[in-house]
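# Okay, here's the prediction I keep looking at, along with the sequence it came from:
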Amino acid sequence: MFRPNDEQNGAPRRGTPPIWRAMSTVDSGLVHLVGRLRVTGRIPAHLRGKPLLMAANHIGVFDAFVLIAACKQIGIAPRFLLAGGLLDAPVLGPALRASGHLRIDRGKAGAIEQFGQAVEAMRTTTSPIIVYPEGRISHDPGLWPERGKTGAARLALAANVPVLPISQWGAHEAVYWGTEKVEGPADLLPLARSGFTAPLRRPKFQVHFGRPVDLSDVDPERPGAGVRAHAKIMRAIVDGLVPLRTSEPDRPKFHDPTRPTDTVSPWRP
């Protein structure tokens, strides 16, 4: 369950669970150790302390850490919509559950009930909720957003909450993609090698908070509403991403030999 987080004027207050405040502080230190963080854009004052869905592109294993640090820098303490596997993991799982993150299990029997719970949580929490509409790290060769799922858009429409796009670039340089499933220590070696060298390379992490997406012309009762809202959200993310990667308009300069490149982004400008 979410716990209210009364954030006003850029300063998170006591509503943030202590364990999440501590984890966010450690995270921020890690991000600044690994690379250079640059944050642009803002959360409008009238959206602070109110239900808000934030949708971000997914570019790498390290990008959630960067997002948390960027949010801390502008004075908000968001929660994530997370797959059940993370919340069930030893050690990390209990800490994430205590921090108030929201659970969703795609394709399982309880998914419909969880969606209803997520809608209710969105309506009542004052903590911004971050989602990855793509569902996974992009496999597009240029690292442009994948087609993604309509779940985040449907959630925003059902809960009638604003959507704020987040565009990010650079976090893919910190740690390799690695592998889809970790089945042993050998699968962690590419991540460890790239991660340990990142502080020497000092990649630049860029996070841009865009303007709220205008979904006023999308009638949630009409067929295909989720698809139309999803398209508007994804295009807003790409619009914010383009200025972040002007020197890499085609493909990222950083080569990750472990990341698959077997899909083509439909949102690529």
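Structure received.
# Count the neighbours of the closest residue to Asp262 other than its chain neighbours for me.
Excluding the flanking residues, the one nearest Asp262 by CB to CB, 6 or more residues apart in numbering is His139, at 5.3 Å. No exception for glycine: its C-beta is placed from N, CA and C like everyone else's. Residues lying near His139 (other CB atoms under 10 Å) number 16.
# cool, Lys149 as well?
Lys149 - counted by other CB under 10 Å - has 17 other residues nearby.
# same deal with Leu52?
Neighbours of Leu52 using other CB under 10 Å come to 24.
# what sits against it?
By CB atoms under 8 Å, 6 or more residues apart in numbering, the residues touching Leu52 are Ile43, Pro128, Ile129, Val161, Pro162, Leu164.
# Reformat those as CSV; add secondary structure and pLDDT.
Compiled in CSV, these are given as follows (DSSP: H, G, I helix; E, B strand; the rest coil; pLDDT from 0 to 100):
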residue, secondary structure, pLDDT
Ile43, coil, 95
Pro128, coil, 92
Ile129, strand, 92
Val161, coil, 95
Pro162, coil, 96
Leu164, strand, 98
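# now the strands for the stretch 101-250 of the chain?
Secondary structure of the stretch 101-250 of the chain (DSSP state E, counting those that start in this stretch): strands at 102-104, 129-131, 163-169, 204-209.
# Take these and lay them out in JSON lines including mean neighbour count.
As requested, those are arranged in JSON lines below (neighbours: other CB atoms under 10 Å):
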{"stretch": "strand 102-104", "mean neighbour count": "20"}
{"stretch": "strand 129-131", "mean neighbour count": "26"}
{"stretch": "strand 163-169", "mean neighbour count": "26"}
{"stretch": "strand 204-209", "mean neighbour count": "22"}
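# what's the closest of those to Arg268?
strand 163-169 (13.7 Å; CB to CB).
# Strand 204-209 and the closest one, what's the angle between them?
On the basis of axes from the mean of the first three to the mean of the last three CA atoms, to 10 degrees, strand 163-169 is oriented at 170 degrees to strand 204-209.
# Mind giving me the packing neighbours of strand 163-169?
strand 53-56, helix 63-73, helix 151-159, strand 204-209, helix 225-241 (3 or more CB pairs under 8 Å, 6 or more residues apart in numbering; DSSP states H and E).
# can you give me the offset of the longest one from its chain's centre?
Pointing back at helix 225-241 there. Helix 225-241 sits 14 Å away from the centroid of its parent chain (CA atoms, centre = their mean, to the nearest Å).
# just use 3 as the starting number from now, easier for me
Happy to do that; since the first residue is 3 now, the last one works out to helix 227-243.
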